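Enquirer: attaching a predicted model along with its sequence, questions to come.
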Amino acid sequence: MAEAMTDQWSDDMDTDTVSERAAPANGGLDWRRLGERAIEFAIRACGISAMIFVFGIFVFVFKEGAGFIFGKMDVVEFLFSAEWSPHSGKYGALALILGTVAVTFVAMVIAVPFGLGSAVLVSEFCGPRLKESLKVIIELLAAIPSVVWGFLGLTVINTIMIQVFGARVGNNVLNAGIVLALMSIPIIVSIAEDALKAVPDSYREAAEALGATRWQIVYKVLFPAARHGLLAAVLLGVARAVGETMAVLMCTGNKLSIPFDGDFPFFHVLNGVSTMTATIAAELGEAPDGSDHWQALFVVGLLLFGVTFLINLVADVIVKGIRQE
């Protein structure tokens with residue numbers, strides 16, 4: 001009987017202790033709950049502010065170029081004319097667009113094989129210690145400032161272009177493409193590795209049970225299963241290459257010319273070009289505030305903004321498709 005009363009008294013004490021802990025202190029205010037709400041509000045505010053900043057940048061760029069868009073801009077001349085001569089009032093952005101396309105294409109030809117190959121190496125063929133070492137090196141590549149990459153292209157790769165390839169000028173499409181490839185590889189490797197990791201281990205085990213080699217597992221199982229993530233990695237690498245400014249300005253020579261030849265279905269990688277980003281960086285400081293030249297540069301920036309936004313939107317849609325699958 002005494003033991004039963006003792007157990008009952010202990011249960012009552014435990015219940016009272018739990019009730020005291022659950023009850024809000026300091027006049028009935030639940031500080032823990034208030035703290036959670038404050039953190040949730042801060043997170044929501046950060047997300048909303050990011051959207052506001054992006055929208056604000058778009059409005060600012062559009063506002064600065066609106067006078068040229070609705071006033072003196074000829075859409076056909078702007079998109080299909082290669083004559084960019086602010087002193088003559090000619091603003092044809094075709095050479096800038098094609099220069100951007102050429103440099104980005106060369107960069108992706110180099111970056112995609114190396115990026116996807118590095119992702120496969122890190123994800124499937126490396127031990128834990130080597131994997132961590134390679135990931136640190138790749139992250140360090142991503143941390144190098146673009147101006148440092150520009151110096152590398154301006155000095156080292158410039159000399160290689162002249163001595164090895166016989167180029168008259170070392171600052172050309174190939175030079176900028178190599179530098180942009182080195183800058184895009186870390187992004188491609190990081191996202192592609194995550195996509196390969198997301199493939200269930202049961203896929204690998206089933207392929208091994210059927211007698212597939214490790215390389216057969218990679219290109220017959222992992223690549224098809226992770227195709228959306230790999231494509232998203234490539235698209236984000238393209239967006240990185242399209243939006244780069246300083247390194248491209250230093251490595252292309254910033255020569256206003258069309259790299260394509262009508263008699264040859266490809267473009268000359270040893271020709272100097274000018275890109276949209278490089279032209280904005282080089283000329284915006286010299287253009288009078290509010291002039292046609294000033295506004296035309298903002299229209300080029302608006303076009304660049306739309307291209308990068310479209311690429312990132314497509315990549316985001318692909319990533320959402322992966323999650324649904």
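Expert: Alright, I've got the coordinates.

Enquirer: hey, which helix is longest across this structure?
Expert: In the chain, with assignment by DSSP state H, the single longest helix is helix 31-70.

Enquirer: buried residues in that one?
Expert: Under the neighbour-count criterion of 16 or more other CB atoms under 10 Å, helix 31-70 has 61, 64-65, 67-69 buried. C-betas here are computed from N, CA, C, even on glycine.

Enquirer: do the same with stretch 147-159
Expert: Applying 16+ other CB under 10 Å to stretch 147-159 flags 149-154, 157-158 as buried.

Enquirer: ditto for stretch 157-171
Expert: Neighbour-count burial for stretch 157-171 [16+ other CB under 10 Å]: 157-158, 161, 167, 170-171.

Enquirer: need the distance between the two termini of it.
Expert: End-to-end distance of stretch 157-171 (CA to CA, to the nearest Å): 8 Å.

Enquirer: list of residues touching that stretch?
Expert: 153-154, 172, 174-175, 178-179, 250-253, 270, 272 (CB atoms under 8 Å, 6 or more residues apart in numbering).

Enquirer: which pair of those spans the longest distance?
Expert: Farthest pair in the contacts of stretch 157-171 (CB to CB) is Met250 and Leu270. Separation: 17.0 Å.

Enquirer: which SSE is the residue lying closest to Glu193 once chain neighbours are set aside in?
Expert: The spatial neighbour of Glu193 that comes closest, neighbours along the chain excluded (CB to CB, 6 or more residues apart in numbering), is Ala119 at 4.5 Å. Using DSSP states H and E, Ala119 falls within helix 94-120.

Enquirer: where does pLDDT dip in the chain?
Expert: By pLDDT under 70, the low-scoring segments of the chain are 1-29, 260-267, 319-325.

Enquirer: among the contacts of stretch 157-171, name the ones in helices.
Expert: Reading helices off the contacts of stretch 157-171 with DSSP H, I get 174-175, 178-179, 250-251.

Enquirer: ok, back up a step: the residue nearest to Glu193 and Leu94: what is the separation?
Expert: 36 Å (CB to CB, to the nearest Å).

Enquirer: so between these two, which is more surrounded?
Expert: Counted by other CB atoms under 10 Å, Ala119 and Leu94 do not tie: Ala119 has more neighbours, with 26 against 16.

Enquirer: wait, isn't the more buried one in contact with Ile187?
Expert: No - judged on CB atoms under 8 Å, Ala119 makes no contact with Ile187 at a distance of 10.8 Å.

Enquirer: quick one: common contacting residues for those two?
Expert: Common neighbours of Ala119 and Ile187 (criterion: CB under 8 Å, 6+ apart): Ala233.

Enquirer: in three-state terms, label Ile212 for me.
Expert: Just to correct that, residue 212 is Ala rather than Ile. coil (DSSP: H, G, I helix; E, B strand; the rest coil).

Enquirer: what's near enough to touch it?
Expert: Per CB under 8 Å, 6+ apart, neighbours of Ala212: 220-221.

Enquirer: how close does it get to Val221?
Expert: Separation of Ala212 from Val221 (CB to CB) stands at 7 Å.

Enquirer: quick check: neighbours shared by the two?
Expert: By CB under 8 Å, 6+ apart, no residue touches both Ala212 and Val221.

Enquirer: which other residues reach stretch 287-296?
Expert: Around stretch 287-296, the neighbours that count as contacts under CB under 8 Å, 6+ apart are 64-69, 72-73, 86, 89, 91, 283-284, 297.

Enquirer: those into TSV, with extra columns for distance to Glu36?
Expert: Shown next, in TSV, are these (distance: CB to CB, whole Å):
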residue	distance to Glu36
Glu64	43
Gly65	45
Ala66	45
Gly67	49
Phe68	50
Ile69	47
Lys72	56
Met73	52
Pro86	56
Gly89	60
Tyr91	54
Glu283	51
Leu284	46
Leu297	47
